[in-house]
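Asks: got a structure for you, letters missing:
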Ligand code: 6PG
């Protein structure tokens, strides 16, 4: 992850940082922080982490429940899982896919997160369709329906495993994660696991989202952030003084689980 310039295999010198540079770049975020030179390397380490977590879940419960985000950062990661031979043994037959948040559009709409996840993973992995849990976001009761499905399915697992195993989140430049946007009242939800939200600044504004109570109950939460546009926000999270209303990503704090950040050097302010 942190590699000296001399050891680097990168063909492009502009992507080579020495070990001191990368250590100095690593921001003091809550949880484990992994910084890589390139997005490609970030995807490698995230994929290896997912594989390790899947194997751990298989050993402890025989199933792996993941919740996946939309957005542009995870897409190449999902693609990598499908074409890289290192992940051919991924236990898709025993994996359940849940959706972190969804736009209130049909499942085959261009803006549907599920559509991207179906096209990148579901259609190529051989995962049983009964293990794929899209949010039927155009249904008026979509949030309650999804919450019931989650409670029913996870509730069948043994005590201690009755939660999501792995939640993959992104972060917007405004500090939102999932569809938990600054100053939205959903940030103060303490009971419901899934909520409908309206966010006038988001495109599209109507969303369904997992809430903090569900996300923070997970065994592992990974936040993946790449690109220089996110660097000022990463700084704000590292300073750690702003309230959750200003910076919703700060509300991600697993109660009895691990928080891991996967950042590329650009998101940490490298030029
Ligand atoms: C979505 C997401 C959202 C996303 C961030 C970061 O539906 O768009 O779930 O929370 O993760 O906006 O998105 P990028 O990775 O595209 O920057």
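Replies: Right, received. Where do you want to start? Bear in mind that the values here come from a model prediction, so they are computed numbers and not experimental data.
Asks: Need the contact partners of the top helix by length along the chain.
Replies: The longest helix of the chain (DSSP state H) is helix 39-61. By Cβ atoms under 8 Å, 6 or more residues apart in numbering, the residues outside helix 39-61 that reach it are 1, 34, 36, 63-66, 76-77, 80-81, 84, 86-87, 89-91, 94-95, 157-158, 161, 165-166, 168, 219-220, 222, 224, 226-227, 260, 262-264. The way it works is simple: take the backbone N, C-alpha and C, and place the C-beta from them, glycine included.
Asks: list the buried ones in it?
Replies: 39, 41-47, 49-51, 53-54, 57, 61 (16 or more other Cβ atoms under 10 Å).
Asks: where's the residue in the stretch 151-271 of the chain that the ligand sits nearest to relative to residue 74, distance?
Replies: Residue nearest to the ligand within the stretch 151-271 of the chain: residue 170 (2.4 Å; Cβ to the nearest ligand atom). Distance, residue 170 to residue 74, using Cβ to Cβ, to the nearest Å: 6 Å.
Asks: Surely residue 138 is in contact with residue 105?
Replies: Yes. Contact criterion Cβ atoms under 8 Å: residue 138 and residue 105 qualify, at 6.9 Å.
Asks: What about residue 28, how many residues nearby?
Replies: Neighbour count of residue 28, defined by other Cβ atoms under 10 Å: 9.
Asks: what about the nearest residue to it once chain neighbours are set aside, which SS state?
Replies: Using Cβ to Cβ, 6 or more residues apart in numbering and skipping the chain neighbours, the partner closest in space to residue 28 is residue 238 (5.3 Å). Following DSSP: H, G, I helix; E, B strand; the rest coil, residue 238 is assigned to helix.
Asks: tally of neighbours for residue 238?
Replies: 14.
Asks: ok, which residues in the stretch 101-250 of the chain are in contact with the ligand?
Replies: Contact residues, the stretch 101-250 of the chain versus the ligand (Cβ under 6 Å from any ligand atom): 101, 113, 170-172, 176-178.
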